[in-house]
Each structure stands twice: as structure tokens, then as C-alpha cells.
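**Student:** using only what follows, build the 3D model:
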Amino acid sequence: MSSVISVALPVFAIIAAGVLAGRLKLMTAQDSAALNKFVFRFAMPAALFGLTAGTARPGGEDLTILLSYGAASLAVIFGAYLLARPLFSLKPQEAGAHSVASTLGNAVFLGLPIALSVDGWARPFVTLMLVEGTLIVAISSALIAPRNDGASVSALAVSFIAKPIKNPLVIGMGAGFIYSALGFPFSGPGETFFSLLGRAAGPTALFSLGLFLITNPMPPIKSVAGRVGAIAMMKMAVLPAIALSLAIAFGLSDPDYLGALALFVFTPSGVVSFVMASQFGIYKTETAAAVSVTTLLALMSISGVLMLFG
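**Tutor:** The predicted model follows:
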């Protein structure tokens, strides 16, 4: 219970502050977009580089959680896609958006600020972000983007690889891992720079999340209840069950790694799923509702994770 009070309460209080700022009209949706850009392009990449550049090289437990989450997320994203098409009579792009919301979590704006607050969780959490930021984001982009029947196989392959590589978060994480693997020292003014800039990521992301939720209110739930319910079931129940079961089956016993994995898979549907759907003008109502509903569910799931593993 002490972990819930010391970690979760301040985290959700910062989100509530963002909600209050939006409710009182002190800040707008445009302000939320600007804060998100700062976090996504500058503060969070700096935090991720600082976390990975000064840590030891990946070990066996890193590989275990990578395999556990990677296999679980692949099963969910393709399973959700294949089930949603006939179940809800969705077009390919709509099913893609549905599967993305069922898999991609709010790791950047909610999960990582919490992981940074718990000793031993940041490193494994960032390792999981690297998998999601490359493999899962690439698959998500392929599933939700319009079909280009005239494109060659090589062009599709280049696009599949290039999109995640251009992601600032992937660049920050990848550069940090390479820096660490080369054995360079990470101290002095360089460490201070990345630490100072990175510290802004957590609270800014949480505040922006609250502001986003209140300035993008939940649409009427009745019209999309079935689809949103299916997304919530896959994201908040099926994905965690598969990932944690695989981790235990693979022999993962480190409580910090188990806690980080549990936190990662129990984060709600990510705002990025709504952003991607909006970009293509499809499934916006469903993804917006899924973000709101699963964020409310995460109040309980994340508190439970902190009580069990924190």
C-alpha cells in the first residue's frame, strides 16, 4: 500500500492537475499538443538516452522479458485484427486501428514516469519500450496505413523499417544502448545535460495526458461499446495474461523485471493509437473512447501492480 501512496498518488495527482487546467480553461488542446511535442521530440529521448547510456549491457533477463512481451504483443495485435474484421464487420484499415489500440500501451506518457519512480524498474521498462517502439510500431503502421497495391515489395520493406528508425524515442534508446555497448564513460556535463532535460519528461507527460483527456472528451459510448469492450479486454486482460505467463514459464524470477513487465503490459491504450487513427481519418471515435476507458481501468490495474511488486 505504501508504494501506491508514494508513487501512484502523486502520478495520478499530476494527471488530475492537467485535467483541472483544461476544465478551468487555463490551457487548451493546442497546449496539450505542444507539450506532447516537447516530451516526444526532446525530453523523453534525452531521458531514454541517459537511462541506457549509463547502464550495463543487456543480460539474460532482458532477453527473457523481450521474448515474453514480444510474443504476447504479436499474438494480440494479429489476433485482435483477425477477430475484429468478422466480429464487427470492419474494413482492413479499421481492423488495423482496432488491433493497434488493443496492443500499444501508454508507455511514454504514463508507464515510464512511474517506472522512473521505482528503484530497479527503469532499465527493464526501457528495454521493453525498445521492442514496442521498433517492432510493434512498425507493424501498427503497416496495419493502419492505406493499402498501396502498386508499391513494390522492396518499397514496402523500406517503409516498414524506416518508420520506427525515425521515431525520436527509438533514436534516444538505440543511441544509448550503442553508447553503453561501446563502453564509453557517461559522466560530467554530458550526464548532467541529459539528466536535467530528461527530468522534465515524466511530469510534463503526465500533465499533458490529463489535459489531453479533458480536451478530447469521451464520445457517446453506446454506439461503440462492443468494439471498445473488445479493445479493453485484449489490452488490459489478454496481453498481460500472455506476457506474464510466458515470463514465468521462461523462468523469470527477478521482482524488478517482473514488476516492470507487469507495469508495461497493464498500461492503458496509448494516445498514439488515437493519433494514428486521426491521421488517416478512421476509427477515431472508437480509439478515443478506448484510451479514456482503459485509462480509468489503469487506475486500478497499476495500483495493483505497485502493491504486488513495488
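**Student:** in this protein, which residue is closest to the centre?
**Tutor:** Of all residues in the chain, the one closest to the mean position by C-alpha atoms, centre = their mean is residue 107, 2.8 Å from it.
**Student:** tell me the spacing between that residue and residue 40.
**Tutor:** Distance, residue 107 to residue 40, using C-beta to C-beta, to the nearest Å: 12 Å. To be clear about C-beta, it is placed using only N, CA and C from the backbone, and glycine gets the same treatment.
**Student:** state which helix of this protein is the longest.
**Tutor:** In the chain, with assignment by DSSP state H, the single longest helix is helix 60-88.
**Student:** other SSEs contacting the strand or helix carrying residue 203?
**Tutor:** Residue 203 is part of helix 201-215, with elements assigned from DSSP states H and E. Judged by 3 or more C-beta pairs under 8 Å, 6 or more residues apart in numbering; DSSP states H and E, helix 201-215 is in contact with helix 9-23, helix 29-38, helix 44-53, helix 112-115, helix 284-309.
**Student:** mean pLDDT lowest for which of the ones you listed?
**Tutor:** Mean pLDDT per stretch puts helix 44-53 lowest among the helices and strands packed on helix 201-215, at a mean of 81.
**Student:** now the angle from that helix to helix 201-215?
**Tutor:** Here the directions of helix 44-53 and helix 201-215 differ by 140 degrees (axes from the mean of the first three to the mean of the last three C-alpha atoms, to 10 degrees).
**Student:** residue ranges in the chain under the pLDDT threshold?
**Tutor:** Scanning the chain for pLDDT under 70 picks out the ranges 1-8, 54-59, 147-165, 167, 217-221, 279.
**Student:** repeat that for 50
**Tutor:** Under the criterion pLDDT under 50, the flagged ranges of the chain are 1, 153.
**Student:** quick revisit: tell me the buried residues in the longest helix of the chain?
**Tutor:** 61-62, 64-70, 72-73, 75-77, 79-81, 83-85 (16 or more other C-beta atoms under 10 Å).
**Student:** now do stretch 173-192
**Tutor:** Neighbour-count burial for stretch 173-192 flags 173-174, 176-177, 179-180, 186 (criterion: 16+ other C-beta under 10 Å).
**Student:** how about those residues in TSV, adding distance to residue 21 and secondary structure?
**Tutor:** Formatted as TSV, the buried residues of stretch 173-192 follow (distance: C-beta to C-beta, whole Å; DSSP: H, G, I helix; E, B strand; the rest coil):
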residue	distance to residue 21	secondary structure
173	30	helix
174	34	helix
176	32	helix
177	36	helix
179	37	helix
180	38	helix
186	36	coil
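**Student:** farthest pair in those residues?
**Tutor:** Maximum pairwise distance in these, criterion C-beta to C-beta, is 15.5 Å, between 174 and 186.
**Student:** distance check, the residue lying closest to residue 201 once chain neighbours are set aside against residue 65.
**Tutor:** Here the nearest residue to residue 201 in space, its sequence neighbours aside, is residue 43; by C-beta to C-beta, 6 or more residues apart in numbering that works out to 3.8 Å. In this view, residue 43 and residue 65 are 25 Å apart by C-beta to C-beta.
**Student:** can you check residue 94 too?
**Tutor:** Distance from residue 94 to residue 65, by C-beta to C-beta: 32 Å.
**Student:** do residue 230 as well
**Tutor:** Counting by C-beta to C-beta - residue 230 and residue 65 are separated by 26 Å.
**Student:** counting by contacts, list what the longest helix of the chain packs against.
**Tutor:** helix 92-103, helix 122-131, helix 137-144, helix 225-233, helix 239-249, helix 255-265.
**Student:** you'd agree residue 213 is up against residue 16?
**Tutor:** No. Taking C-beta atoms under 8 Å as the definition, residue 213 is not a contact partner of residue 16, at 10.2 Å.
**Student:** which of these two has more neighbours?
**Tutor:** Shown here are residue 213 and residue 16; by other C-beta atoms under 10 Å, residue 213 has more neighbours (21 against 15).
**Student:** now do the same contact list for the more buried one.
**Tutor:** 15, 18-19, 291-292, 295 (C-beta atoms under 8 Å, 6 or more residues apart in numbering).
**Student:** in a markdown table, list those residues along with distance to residue 116.
**Tutor:** As requested, those are exported to a markdown table (distance: C-beta to C-beta, whole Å):
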| residue | distance to residue 116 |
| --- | --- |
| 15 | 15 |
| 18 | 18 |
| 19 | 22 |
| 291 | 22 |
| 292 | 25 |
| 295 | 19 |
